[in-house]
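Student: After the sequence you'll find the predicted model.
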Amino acid sequence: MNTLDNLIAAIDGKLPIVTDSRQIEPGNIFWALRGPNHDGADFAAEAFRRGAAGAVVGKKIDVPSDRWAVEVDDPLDALRQWAAWRRRHFGGTLIAVTGSVGKTTTRQMIHTVLRSRLKGTASPRNFNNHVGVPLSMAAIEPHHDYAVLELGANRPGEIAVLAELCVPKIGVITQIGDAHLGGFGSPDGIAQAKAELLAALPSHGLAILGDDPRLRTVAGRCTAEITWVGTCPGCDLEATDVTSEHGHLGFRVNGQKFCIPVWGRHHLTSALAAVAVGRTMGFDLSEIAEVLENFQGVPMRCEVHEIRDATIINDTYNASPTAMQAALELIRDFDAEGRRIVVVGEMAELGNQAAMLHWQLGKQVVSIAAAEVLIACGRFARHMTAGARAAGLPHARAIPCRTVDDALPYLGQAILPGDVVLVKGSRMMAMERLVEALEVYPRRRSA
């Protein structure tokens, strides 16, 4: 038998697949991927101890008598083969979501709408790369009505490869921003890369696109029907009467009122994409509106907490210049009794524009958010504070910190009841640690 035949015979529909031996639960399949510094097969024994039913490995291992293992040349290639096999046996609608910002929220909103009366699956967390996408596909069952997959990329060609693997019928692109400039060179390069999804759609498929000028320039690569979503009269799905207040996004589509429990107007494109997908899948507007009224946001995406009588906006999942601007607009629009405090970590993968973009972010902290305190973390902290000072923030209120741990004492002492605090940064910074630490950090003593 070939590799795929062996996998089919061994796995026989058993799920889920897990690639981290520490996360194995009884009955799981351990897929031992190779990394730059390790071979997952070396952790197979631990996976079996934790209850793995079997393992897919790239070399011979000792296997307990009541378990199984399939040896393959390349575990990652075998994972792709397994994902492709499951895709060929799936007769439902596959929806692929990409874009510079909003991918995860869009994927989750679409999933929320469809699962209200259909059976299907969606990418867990941000499983959107060359490993995450096939892992997500491994959860697709033949009887599912739909699957929503998130596609990400750091350089040209990656989305084309992922789209070839998952074969989407519906493609959603949210917006073109400044994320991963180091790999793409410019926003126009990002647009061309995201358009690889458009080129992969069949002529009988559907593209749902946020009303972004850069997307308009690449839309010609799409042979499928296009639905434009946004607030302009020329959009196929137009939102009117848009409001964002008190943790709810409101708008109307064709007279139908929507009220979604999310903070920030920047979630509008995600919501409209979910509406467009829902209509395509047979839902009416009133049904979609009712479902989205109970939408539960993605953790660390504009989560609002009350800590020490202050409002903390935990938006620490990730960051890019475009996403940073949206978050600054959110804190600007908060009805705060006290001051606006912005705590930001560096933005990753910006290439040779990193210093300039961080300096620009520092200026925007003042010009957009009207913040009275900036605490900046990471390698470009001094660029951010220099930009804020250039925009008029007093020197003592623009504080550069090398690490997140260094920032905690400054934030812990600065925060007062009534303040509103935005905490945001790229995933590598793990800025959520600040939010967690604030819960136990000693309160500032009164003068």
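Tutor: That came in fine, so what should we check first? Keep in mind that this is a model prediction, so the values were computed, not measured.

Student: how much space is there between the residue nearest to residue 270 when sequence neighbours are not counted and residue 295?
Tutor: With Cβ to Cβ, 6 or more residues apart in numbering as the criterion, residue 270 has its nearest non-adjacent residue at 4.0 Å, and that residue is residue 106. Yep, even glycine has a C-beta here, placed from its N, CA and C like the rest. Distance of residue 106 to residue 295, given as Cβ to Cβ, to the nearest Å: 12 Å.

Student: More neighbours: which of the two?
Tutor: residue 106 (30 against 19; other Cβ atoms under 10 Å).

Student: Pretty sure the more buried one sits against residue 98.
Tutor: No - Residue 106 lies out of contact with residue 98 (Cβ atoms under 8 Å); the separation is 9.3 Å.

Student: Pull up the overlap in contacts between those two.
Tutor: Listed contacts common to residue 106 and residue 98 are 172, 174; contacts here mean Cβ atoms under 8 Å, 6 or more residues apart in numbering.

Student: What score does residue 351 have for pLDDT?
Tutor: For residue 351, the pLDDT comes out at 86.

Student: again with the one 3 residues further on
Tutor: Residue-level confidence at residue 354 comes out at 92, pLDDT.

Student: now do the one 5 residues further on
Tutor: Looking at residue 359, its pLDDT stands at 97.

Student: now it: how far from residue 111?
Tutor: 38 Å.

Student: do residue 139 as well
Tutor: Residue 139 is 12 Å from residue 111, by Cβ to Cβ.

Student: and what of residue 240?
Tutor: 26 Å.

Student: who has more neighbours, those two?
Tutor: Counted by other Cβ under 10 Å, residue 240 and residue 111 do not tie: residue 111 has more neighbours, with 21 against 11.

Student: on that earlier part again, tell me which helix or strand comes right after the helix or strand hosting the residue nearest to residue 270, heading toward the C-terminus.
Tutor: Residue 106 is part of helix 103-114 when elements are defined by DSSP states H and E. Downstream of helix 103-114, the next assigned helix or strand under DSSP H and E is strand 120-122.

Student: who does that next one touch, helix- and strand-wise?
Tutor: helix 103-114, strand 146-150 (3 or more Cβ pairs under 8 Å, 6 or more residues apart in numbering; DSSP states H and E).

Student: Quick one, which of those gets closest to residue 209.
Tutor: helix 103-114 (11.8 Å; Cβ to Cβ).

Student: now the angle from that closest one to strand 146-150?
Tutor: 170 degrees (axes from the mean of the first three to the mean of the last three Cα atoms, to 10 degrees).

Student: Centre of the chain to helix 103-114, how far?
Tutor: 11 Å (Cα atoms, centre = their mean, to the nearest Å).

Student: May I see the buried residues of it?
Tutor: For helix 103-114, burial by neighbour count (16 or more other Cβ atoms under 10 Å) applies to 103, 104, 105, 106, 107, 108, 109, 110, 111, 112, 113, 114.

Student: list the helices and strands that helix packs on?
Tutor: By 3+ Cβ pairs under 8 Å, 6+ apart, helix 103-114 packs against strand 93-98, strand 120-122, strand 146-150, helix 268-280, helix 285-292.
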